[in-house]
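>>> The following block contains a protein sequence and its predicted model.
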Amino acid sequence: MEKDMTNEKQTHLDVLASISIDENKTKWTRIGVAFPLKKRTGYSVRLEFLPVPKDRAYEFILVEPGERKDDGSEE
């Protein structure tokens, strides 16, 4: 079952960037955190590292803390 990312009890999300190990394997590395905005819908993102651009775009995902994705798939 997919978790609801808009849960009001949630304090933050981890920001993960993908690193290609080879053509069949992707590793996700935590590069920051995202906090829900208090007065409107959305998130404030604080990055500790900048991901390397992939095809001229920065790519990262937001996930609940502790949730890791190392299965070689792309989002």
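On my side now, so go ahead.

>>> Could you pull out the strands in the chain for me?
Applying DSSP state E to the chain gives strands spanning 13-22, 25-36, 43-47, 60-63.

>>> Can you name every helix or strand that the third one contacts?
The contact analysis (3 or more CB pairs under 8 Å, 6 or more residues apart in numbering; DSSP states H and E) places strand 43-47 against strand 13-22, strand 25-36. Using the backbone N, CA and C atoms, a C-beta is placed for each residue, glycine as well.

>>> Tabulate those strands (TSV), appending mean pLDDT.
Formatted as TSV, those follow (pLDDT from 0 to 100):
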stretch	mean pLDDT
strand 13-22	87
strand 25-36	91
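
>>> Output the ones you listed in TSV; the columns should cover mean neighbour count and distance to residue 52.
Compiled in TSV, the helices and strands packed on strand 43-47 are given as follows (neighbours: other CB atoms under 10 Å; distance: least, CB to CB, whole Å):
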stretch	mean neighbour count	distance to residue 52
strand 13-22	16	8
strand 25-36	16	11
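
>>> Quick one: those strands as a markdown table, columns for distance to residue 50 too.
Putting those into a markdown table (distance: least, CB to CB, whole Å) gives the following:
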| stretch | distance to residue 50 |
| --- | --- |
| strand 13-22 | 9 |
| strand 25-36 | 7 |
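
>>> Which one of those strands lies nearest to residue 61?
Of all the helices and strands packed on strand 43-47, it is strand 13-22 that lies closest to residue 61, at 5.2 Å by CB to CB.
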